[in-house]
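[1] Got a sequence here, can you model it:
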Amino acid sequence: MAMEIAVVPDEKEKLMDNSLYLRGVAHLCGTGVARIPSKYVFPPSDRSAGDQGGAHSHQLGLPIVDLSDLHTPNRATVISLVGKACQEFGFFQVINHGIPKETIRDMTDACQRFFDLPFEERSRYMSADVRAPVRCGTSFNETKDKVFSWRDFLKLTCHPLPQMLPHWPSTPANLRDKVRPYAVHVRELFLELVAAILESLGLVSEEEVMKEFKDGTQLMAVNYYPPCPEPELTLGMPPHSDFGFLTLLHQDAVEGLQIQHEGSWLAVKPLEGSLVVNVGDHLEIVSNGKYRSILHRVVVNSRLPRMSVASIHSLAPSAVVRPAAPLIDAANPRRYIDTYFSDFVNYLSTREVKGKNFVQSRMVVGAQDEERA
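    You can find the predicted model right below:
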């Protein structure tokens, strides 16, 4: 049995107060830290098995969906592939998605320049209020996390865009101009994917149903992971599922995303020009469990910074998320209770979110027992 090594705070760390950690890991790295403070050290059972940020981890070949066939006679094949990917993996990658590479490049460049700003400039947007239209912060949920994750973030509420845009950071000077086109394009892509997924479930994506998604929420989370001096001791993000209907993720060329598949943590190799799409908790509920949100995490490395941009989409805040009636019958009884967007916000505000504990809290009693079995 491997000997467990205790991490003892050094003298410099003992002098740190919690406010330093709340300034984020980019600021911490700027102090010249050579060892990670114990605040960032995960229990051995939760770490990335000492793989130094995924360099030696096993990779998972996610299904690749070519969206150029979505509006051709091959649409049925694409729909089938999307449905199979949602059911078997909960993740897939899309290519030929229609978002210009220049739009993605400009967006990521502007976001990187935000994290390059002095702390005093970035701190203007720091807030513990999860309802804030713009929020800069650190870790996963810094007000509740017992152990901090090696991650800084900028969260931008994107819908309705004309009302939200004035709240976005005014520095770097062109951030709004460079990020806005990506937000518009990725929302259009989300609506295309929603129609395909509803079709794969045998649900009619009629105008009334699609209007609920057109009026839905959109949150862009820009995640920044600086190089970490001891990546084997921490995580960029702990295992979690996403609360929304779908997440569309752009990741740079640095590996870090891992998903849990058949009991193992497997790395998702970045594919140039693609976006990663994953099933969220709300889609799990709407599909009555046919499609499941999947645990995923982020590992870090000691050599290169990494940045990803997650666009998290769902129904309108006032909508009720419930299993679709056609997917409930005697053989497939209802598995989830009615859920509101406010339920998740309240959950996030009052406790530490771990794994899939939110969506599991929305299961009916019988389904909870079945899940534990």
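
[2] And stretch 138-158, what's buried?
    Buried residues in stretch 138-158, counted by 16 or more other Cβ atoms under 10 Å: 138-142, 145, 147-158. Yep, even glycine has a C-beta here, placed from its N, CA and C like the rest.

[3] Give me the mean pLDDT for the helix or strand hosting residue 348.
    Assigned by DSSP states H and E, residue 348 belongs to helix 341-350. Averaging pLDDT along helix 341-350 gives 77.

[4] elements contacting that helix?
    Counting contacts by 3 or more Cβ pairs under 8 Å, 6 or more residues apart in numbering; DSSP states H and E, helix 341-350 is packed against helix 357-361.

[5] what's next to the helix it packs on, contact-wise?
    241, 243, 281, 284, 285, 293, 336, 344, 347, 348, 368, 371 (Cβ atoms under 8 Å, 6 or more residues apart in numbering).

[6] List the buried residues in it.
    Using 16+ other Cβ under 10 Å as the test for burial, helix 357-361 gives 358, 359.

[7] any idea how far that helix is from the chain center?
    Averaging C-alpha positions (Cα atoms, centre = their mean, to the nearest Å) puts helix 357-361 16 Å from its chain's average.

[8] Check stretch 249-257 too.
    Put simply, stretch 249-257 sits 12 Å off its chain's centre (Cα atoms, centre = their mean).

[9] If we go by neighbour counts, what in it is buried?
    Of all the residues in stretch 249-257, those buried under the rule 16+ other Cβ under 10 Å are 249, 250, 251, 252, 254, 255, 256, 257.

[10] Then stretch 257-266?
    Residues 257, 258, 259, 260, 261, 265, 266 are the ones in stretch 257-266 that count as buried (16+ other Cβ under 10 Å).

[11] For the last one, list each beta-bridge partner.
    In this case it means residue 266. Beta-bridge partners for residue 266, by DSSP bridges, are residue 259.

[12] hmm, back to that, want to throw the buried residues of stretch 257-266 into CSV with pLDDT and distance to residue 37?
    Below are the buried residues of stretch 257-266 laid out as CSV (pLDDT from 0 to 100; distance: Cβ to Cβ, whole Å):
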residue, pLDDT, distance to residue 37
257, 97, 25
258, 96, 24
259, 96, 28
260, 95, 27
261, 94, 32
265, 94, 25
266, 94, 29
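
[13] Just the mean pLDDT for stretch 195-213, thanks.
    Mean pLDDT, computed over stretch 195-213, is 87.

[14] now do the same end-to-end measure for it.
    Start and end residues of stretch 195-213 are separated by 10 Å (Cα to Cα, to the nearest Å).

[15] now, among the buried residues of stretch 257-266, which is nearest to residue 121?
    Comparing these against residue 121 with Cβ to Cβ places residue 257 closest, at 28.7 Å.

[16] Can you give me the distance of that closest one to residue 22?
    In this view, residue 257 and residue 22 are 25 Å apart by Cβ to Cβ, to the nearest Å.

[17] Please spell out the segments of the stretch 51-200 of the chain that come in under the pLDDT threshold.
    51-57 (pLDDT under 70).

[18] still on that earlier bit, quick check on the contacts of helix 357-361: which are buried?
    Of those, these count as buried by 16+ other Cβ under 10 Å: 241, 243, 281, 284, 285, 293, 336, 344, 348.

[19] Okay, and the residue nearest to residue 241 when sequence neighbours are not counted sits in which element?
    Closest residue to residue 241 apart from its sequence neighbours, by Cβ to Cβ, 6 or more residues apart in numbering: residue 293 at 3.8 Å. Using DSSP H and E, residue 293 falls within no helix or strand.

[20] I figured residue 293 hits residue 285, correct?
    No - counting by Cβ atoms under 8 Å, residue 293 stays clear of residue 285, with 9.3 Å between them.

[21] can you tell me which residues contact residue 108?
    Counted by Cβ under 8 Å, 6+ apart, residue 108 has contacts 250, 252, 307, 309.

[22] where's the helix or strand it falls within relative to the chain centroid, distance-wise?
    In this structure, residue 108 is located in helix 101-115 according to DSSP H and E. In terms of Cα atoms, centre = their mean, the centre of helix 101-115 is set 18 Å apart from its chain centre.

[23] what does stretch 354-365 give?
    In terms of Cα atoms, centre = their mean, the centre of stretch 354-365 is found 17 Å from the chain centre.

[24] how long is it from one end to the other?
    Using Cα to Cα, one end of stretch 354-365 lies 20 Å from the other.

[25] Begin at 8 from now on, thanks
    Sure thing, new numbering starts at 8, so read that last one as stretch 361-372.

[26] Neighbours of residue 317, how many?
    Counted by other Cβ atoms under 10 Å, the residues lying close to residue 317 total 20.

[27] residue ranges of the strands in the stretch 258-380 of the chain, please?
    Using DSSP state E, counting those that start in this stretch, the strands of the stretch 258-380 of the chain run over residues 264-268, 271-274, 282-286, 303-305, 313-320, 327-328, 346-347.

[28] looking at these, which is closest to residue 195?
    Nearest to residue 195, of all the strands of the stretch 258-380 of the chain, is strand 313-320, at 11.1 Å by Cβ to Cβ.
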